[in-house]
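S.K.: Just to be clear, the model below is a prediction. Sequence and coordinates:
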Amino acid sequence: MWIEQWGYRVHKNLSGVIVYIQIRNLALKGLVVNVNNVLSEKNMELMTIREILSHPDKIPQTWLYLPPDKTTWNLDTQGVFSLDSWDFPPDSDEYLPKQAKNDKWIETLDGSSIEDVVSYAQGQSDNVTLDDLFRSFIFYYENDAFLDLD
């Protein structure tokens with residue numbers, strides 16, 4: 001995407017979003033784009049629970065949405081993170097992934113909680129498996145508490 005290649009700085013004002021682009025030390029001002037669409041393309045990609053639990057330091061700090069039937073969740077289940085709702089008007093649902101709106105996917109845990117679950121589990125043993133992390137994730141989702149792996 002050309003915006004990512006050249007870099008950008010976003011300035012929000014009352015009339016919309018203005019993007020200032022630096023190209024070879026020349027500043028082009030006044031290009032109006034829908035930054036939410038740019039962010040959507042980048043951040044609302046499907047990821048497996050395996051990928052999320054394997055690299056919690058690389059996930060967004062927003063909410064993870066998963067398919068509504070939690071009995072079918074496993075390490076290969078795909079989920080998607082929302083965008084940050086603070087970047088949208090209060091009455092907007094544009095920060096929600098299309099799966100949440102169209103397929104009734106449910107909000108599970110935010111990125112910070114997922115990081116905490118993984119960290120807590122790894123702090124209990126040097127040999128924590130992905131299955132242990134998955135069980136810890138499910139336990140935290142259902143009980144709002146950390147799982148003791150002993």
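M.R.: Perfect, I can see it now. Numbering: from 1, shown residues only.

S.K.: quick check: domain ranges of this structure?
M.R.: 2-33, 39-143 (automatic domain parsing).

S.K.: who's in contact with the most centrally placed residue in the chain?
M.R.: For the chain, the residue whose C-alpha lies nearest the mean C-alpha position (C-alpha atoms, centre = their mean) is residue 81; its distance is 3.1 Å. For residue 81, the contacting residues are 43, 44, 47, 59, 60, 62, 63, 64, 65, 97, 111, by C-beta atoms under 8 Å, 6 or more residues apart in numbering. Bear in mind the C-beta positions are built from the backbone N, C-alpha and C, glycine included.

S.K.: Which element, helix or strand, includes the fifth one?
M.R.: Assessed by DSSP states H and E, residue 60 sits outside every helix and strand.

S.K.: Tell me the spacing between it and residue 79.
M.R.: Noted for residue 60: a distance of 11 Å to residue 79, by C-beta to C-beta, to the nearest Å.

S.K.: Which one's more surrounded, the two?
M.R.: residue 79 (23 against 18; other C-beta atoms under 10 Å).

S.K.: Now do the same for the helix or strand where the more buried one lies: mean pLDDT, whole number.
M.R.: In this structure, residue 79 sits in strand 78-81 according to DSSP H and E. Averaged across strand 78-81, the pLDDT comes to 96.

S.K.: Could you give the number of residues near the closest residue to residue 106 other than its chain neighbours?
M.R.: Using C-beta to C-beta, 6 or more residues apart in numbering and skipping the chain neighbours, the partner closest in space to residue 106 is residue 68 (5.3 Å). By the criterion of other C-beta under 10 Å, residue 68 has 12 neighbours.

S.K.: Residue 65 looks like it's in a strand, true?
M.R.: Yes. Assignment of residue 65 by DSSP: H, G, I helix; E, B strand; the rest coil places it within a strand.

S.K.: Is the residue nearest to the centre of the chain bridged to anything, and to what?
M.R.: Beta-bridge pairing for residue 81 (DSSP bridges): residue 64.

S.K.: I appreciate the help and will end here.
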